[in-house]
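[1] Build me a model from this:
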Amino acid sequence: MKLLKKHFCFLVVISIVLLFIGCVEEFIPKAGEFNDILVVEATVTNEMKHHKIYLNRTYSFEDEIALAETNAQVMILEDSNNQHMFEESEPGVYTSINAFNVVPGANYQLKITMQDGSSFSSDQMTLPQGSAIDSLYTERIVNDFGEEGMGIYVDNTNAQEGSKNFRYEYIETYKVIAPDWNSVALVNVPQPVCPMVIKEGREREERVCYTSKSSNGIILASTDSFDENRLKRFLVRFVNRDNYILSHRYSILVKQYAQSNAAHCFYEALKEFSSSESLFSETQPGFLEGNLHSDSDRNKQVLGYFDVSTVSEKRIYFDYEDYFPGEELPPYADPCQRSMPKVAAGHSSEPRCILPVLVEMDLIRYVTDNPNYTGPQSEGGPYITVPRVCGDCTVLGSTEIPTFWEE
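    Modelled structure (predicted):
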């Protein structure tokens with residue numbers, strides 16, 4: 001699911017790029033100005049695993065989802081003789097049948113044959129010399145916008161002849177604790193008119209959860225203009241101190257992709273295209289050309305890039321208390337406003353059921369009894385409640401502890 005979300009963000013950006021490319025005058029969108037083009041997202045690395053390649057079509061703003069390119073034949077040629085075959089594991093997602101990793105000195109070429117018989121090939125790519133992340137660390141900082149929070153930095157040192165270009169992705173995982181969790185739940189008991197709402201013990205733990213989210217932007221770094229091939233204090237992620245994800249324990253896994261000059265230029269152009277300043281500028285470059293081409297018609301366009309990259313990764317953990325000792329926690333994801341829903345309102349013979357409906361729709365959680373409740377004529381109902389998210393952490397995550405998690 002994380003990979004699919006990241007891929008969807010890539011597809012959104014590249015579809016936006018297609019919509020705006022080629023403008024040389026003030027852009028005025030018109031209905032029908034849309035090209036149906038194959039979009040390829042393909043990165044293979046030195047990691048031994050089942051690699052994935054994503055094939056979709058560009059889509060217009062009016063469409064809600066992208067159209068997956070299905071029933072294609074996908075393979076990667078290694079030195080023109082060793083074939084790594086892929087199969088469609090879900091619509092538009094092609095997974096290598098066997099696990100493999102790319103190795104130094106070998107040439108790799110992506111081959112795609114569509115259902116209609118058209119085919120595309122990439123340039124031959126080689127694995128750039130990469131390096132491991134030297135250190136991944138955090139600091140409490142104030143950013144350039146005057147916001148206080150946590151800066152997450154990367155340092156690395158590379159051989160002078162090694163790659164000078166890097167792309168970063170991250171997956172952040174954090175603990176969520178529902179502030180108004182209670183072991184008591186509200187349930188409905190059928191009655192002739194409005195159901196009776198009673199209390200009983202919860203069937204499952206919904207207090208502590210864990211949530212993981214992947215980066216959805218293009219994060220690039222280069223040492224090309226530096227005196228030495230060394231990256232120091234590169235800011236990969238900034239989290240505002242008012243963000244609830246920092247409230248308890250936070251972890252981040254950062255992946256560093258060493259890239260060729262050509263790959264770096266492509267992602268740099270893609271990042272520039274996707275910025276609002278670039279999209280609406282009066283002068284823009286033409287089609288964003290990658291390293292994929294039609295085998296039969298060089299004028300036929302395809303969007304995307306076949307990237308062969310060296311990967312390094314590191315993970316760190318920290319608690320809010322480590323950097324903000326004794327300070328108030330960030331605001332929760334919801335204001336958690338308390339309410340006392342009435343059981344019913346309106347004419348007694350045809351009442352409008354309120355509390356039972358909220359319970360049935362799973363919109364609220366019990367906090368405590370209403371001490372001022374004296375019966376149906378009271379201003380409030382019998383229970384004090386909060387929105388479900390405040391008493392049930394599964395709205396924001398999963399109660400399952402990640403296998404990598406450390407306290």
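[2] okay, now the domains of this protein?
    Domain ranges of the chain: 2-128+264-309, 184-202+331-395, per automatic domain parsing.
[3] Could you point out which of these sits nearest Gly149?
    Of all these, domain 184-202+331-395 sits nearest to Gly149, with 13.5 Å by C-beta to C-beta. Placement of C-beta: from N, CA and C, glycine included.
[4] Of all residues in the chain, which one is nearest the centre?
    Against the mean C-alpha coordinate of the chain, by C-alpha atoms, centre = their mean, the closest residue is Ser214 at 3.5 Å.
[5] Please name the bridge partners of that residue.
    Counting by DSSP bridges, Ser214 forms beta bridges with Ile171.
[6] Thr138 now?
    According to DSSP bridges, the partner residues bridging Thr138 are Ile152.
[7] what's around it, how many residues?
    Thr138 is flanked by 18 other residues according to other C-beta atoms under 10 Å.
[8] wait, doesn't it sit right on Val154?
    No. In this structure, Thr138 is not within contact of Val154 by C-beta atoms under 8 Å, at 11.0 Å.
[9] what about the helices in the stretch 201-350 of the chain?
    For the stretch 201-350 of the chain, the helices defined by DSSP state H, counting those that start in this stretch occupy 261-274, 276-279, 320-323.
[10] Please identify which of the domains of the chain is closest to Asn229.
    Of all these, domain 2-128+264-309 sits nearest to Asn229, with 12.3 Å by C-beta to C-beta.
[11] Give the rounded mean pLDDT of that closest one.
    What domain 2-128+264-309 shows for mean pLDDT is 78.
[12] Can you mark which positions in stretch 82-90 are buried?
    Residues of stretch 82-90 classed as buried: His84, Phe86, Glu88 (neighbour count, 16 or more other C-beta atoms under 10 Å).
[13] ignore the last one, stretch 397-405
    For stretch 397-405, a neighbour-count test (16+ other C-beta under 10 Å) marks Gly397 as buried.
[14] can you list the residues that contact it?
    173, 176, 204-206, 208-212, 251, 315, 393 (C-beta atoms under 8 Å, 6 or more residues apart in numbering).
[15] got it, and stretch 129-147?
    Here stretch 129-147 makes contact (C-beta under 8 Å, 6+ apart) with 46, 104, 148-159, 161-163, 236, 238, 240-241, 252, 254, 256-258, 309-316, 318, 323-324.
[16] can you check stretch 254-267 too?
    Stretch 254-267 is contacted from outside by 43, 45, 125-126, 128-131, 133, 136, 152, 154, 156, 162-163, 165-170, 218, 220, 222, 236-237, 288, 290-291, 305, 307-315, using C-beta under 8 Å, 6+ apart.
[17] Count the residues that sit near Asp392.
    A count of nearby residues for Asp392, using other C-beta under 10 Å, gives 23.
[18] Report pLDDT for it.
    At Asp392, pLDDT is 97.
[19] contacting residues for the residue nearest to it when sequence neighbours are not counted?
    Setting aside the residues directly before and after it, Asp392 is nearest to Glu206 in space (C-beta to C-beta, 6 or more residues apart in numbering), at 4.4 Å. Contacts for Glu206 (C-beta under 8 Å, 6+ apart) come out as Ala178, Trp181, Gly391, Asp392, Cys393, Thr394, Thr399.
[20] Just give me the longest strand of this structure.
    For the chain, the strand with the greatest residue count under DSSP state E is strand 302-319.
[21] just to revisit the earlier point, look up how far Arg365 lies from the residue nearest to Asp392.
    As for Glu206, its distance to Arg365 is 8 Å (criterion: C-beta to C-beta, to the nearest Å).
[22] okay, and the common contacts of these two?
    Shared contacts of Glu206 and Arg365 (C-beta under 8 Å, 6+ apart): Trp181, Gly391, Asp392.
[23] one step back: which one among the contacts of stretch 397-405 gets closest to Leu55?
    Using C-beta to C-beta, Ser212 comes nearest to Leu55 of those, at 25.5 Å.
[24] That closest one - how many residues pack around it?
    Counted with other C-beta under 10 Å, the neighbours of Ser212 add up to 15.
[25] who's in contact with it?
    Neighbour list for Ser212: Lys2, Ile171, Glu172, Thr173, Gly397, Pro402 [criterion: C-beta under 8 Å, 6+ apart].
[26] repeat that with 10 Å
    Going by C-beta atoms under 10 Å, 6 or more residues apart in numbering, Ser212 touches Met1, Lys2, Ile171, Glu172, Thr173, Tyr174, Ser251, Leu253, Gly397, Ser398, Pro402.
[27] Ok, Tyr170 next?
    136, 152, 154, 213-215, 219, 236-237, 252-256, 313, 315.
[28] ok, so of the residues you listed, who is nearest Ser96?
    Closest to Ser96 out of those is Lys255 (18.7 Å), distances taken as C-beta to C-beta.
[29] May I have the beta-bridge partners of that closest one?
    Beta-bridge partners for Lys255, by DSSP bridges, are Glu169, Glu313.
[30] Could you check how many residues crowd around it?
    As a burial measure, Lys255 scores 20 neighbours (other C-beta under 10 Å).
[31] And for the one 3 residues further on?
    By the other C-beta under 10 Å criterion, the neighbourhood of Ala258 contains 25 residues.
[32] Roughly how far does it sit from Glu205?
    Separation of Ala258 from Glu205 (C-beta to C-beta) stands at 43 Å.
[33] what's the span of stretch 379-389 from first residue to last?
    Stretch 379-389 has an end-to-end distance of 25 Å (C-alpha to C-alpha, to the nearest Å).
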